[in-house]
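Novice: need a 3D model of the following:
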Amino acid sequence: GVWLQPDPQQVGWIAGMRRVPLLSGSRVVLVPAAEDDVVLRPPPRPEQVIDVAAAVRDALRFPLSGPPLEERVTRGGRATILVEPAALPVPGAPQDARRTAIAVAIQELERCGIPDERQTILVAGGLGRRFGQQDLERLLSPPRARAFHGRVVVHDAEDDGLLELVGDARMSAALLETDLVLAVTAAESVLHGGPAALVAASDAATMRGVAEVDSLLEAASSPAWALGLRLEAALADRVALAGVSLALDLPRLTGRYRGYPSTEEAVERVARSPLRAA
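Specialist: Down below sits the predicted model:
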């Protein structure tokens, strides 16, 4: 059968269709389906976050687990904001939400008693191309970048100054010689965002040891994700640790396919389309 979403309440039949149109990225593809195949229709996608700044502030003040940011912070101390370069393109996004999230993280740290001159932005790109000056200037909007008085550091996986964290894994000194680490990332795959961002801030040998993965979507089959969890636990024993992970919205269909496959009306429009036979 064609399995779209493991939700038994959303089971439905699309009768008379030998090919089922499925949303794949920003395109619709036709998948062959037998007459007795069951098509599971996914539930409607969640609403988009319109105010990214408010959402990030709420996440830091009301986290899913643990105390809020203001209770983790050492007033007058130091903080490192861990960020990653964008790994996947986001079509149709006029402005990357990560820019806003980083700016809000800076403001929240200031509100909690850590001025921006005592903040460090660590760009952890793993084994990828290192950020240049133009790339760094795009981390924040131009007005916010000019107003930032802290440090911006690009992680070097071959740096001899990396510090030992756990086992043979060595990490950037910016993550260990601080009072708080705040990860602001996007959950693009199991290799990016959340604890996986700590792998990108480790030494080259550690990263190469988990370079092969079976799936970018299944955390259970990813050694990099398992390593990220171990690094997260070890780092949390050394410094205060918090994080915000953004779920980037996928492109949305327009025209005849608008709302497909979440709404009945869109499914009916596709089923009545004279182009369905093609």
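Novice: going forward, measure contacts and count neighbours with C-alpha atoms only.
Specialist: Fine.
Novice: what residue ranges in the stretch 101-250 of the chain score low on pLDDT?
Specialist: 211-221, 249-250 (pLDDT under 70).
Novice: what about 80?
Specialist: Residue ranges of the stretch 101-250 of the chain with pLDDT under 80: 126-138, 187-192, 207-224, 247-250.
Novice: okay but Val152 is in contact with Thr120, surely?
Specialist: Yes. Look at Val152 against Thr120 with CA atoms under 8 Å: they come within range, at 5.7 Å.
Novice: what is the burial count for Gly167?
Specialist: If you count neighbours by other CA atoms under 10 Å, Gly167 ends up with 8.
Novice: then the one 5 residues further on?
Specialist: When neighbours are defined as other CA under 10 Å, Ser172 has 26 of them.
Novice: quick check on it: phi, psi?
Specialist: With angles defined as degrees, to the nearest 10, Ser172 sits at phi -60, psi 140.
Novice: and the closest residue to it other than its chain neighbours, how far from Ala33?
Specialist: Counting by CA to CA, 6 or more residues apart in numbering, Ser172 lies nearest to Leu162, which is 5.0 Å off, once chain neighbours are set aside. Using CA to CA, to the nearest Å, Leu162 is found at 54 Å from Ala33.
Novice: neighbour count for those two, which is higher?
Specialist: Set Leu162 next to Ala33 and count neighbours by other CA under 10 Å: Leu162 wins out with 21 against 16.
Novice: relative to Leu175, how far out is the more buried one?
Specialist: Distance of Leu162 to Leu175, given as CA to CA: 10 Å.
Novice: so Leu248, which of the three states?
Specialist: coil (DSSP: H, G, I helix; E, B strand; the rest coil).
Novice: touching, it and Ala187? I think so.
Specialist: Yes. Counting by CA under 8 Å, Leu248 touches Ala187, with 7.3 Å between them.
Novice: out of Val152 and Thr120, which sits in the more crowded spot?
Specialist: Between Val152 and Thr120, Thr120 has the larger neighbour count (other CA under 10 Å), namely 22 against 16.
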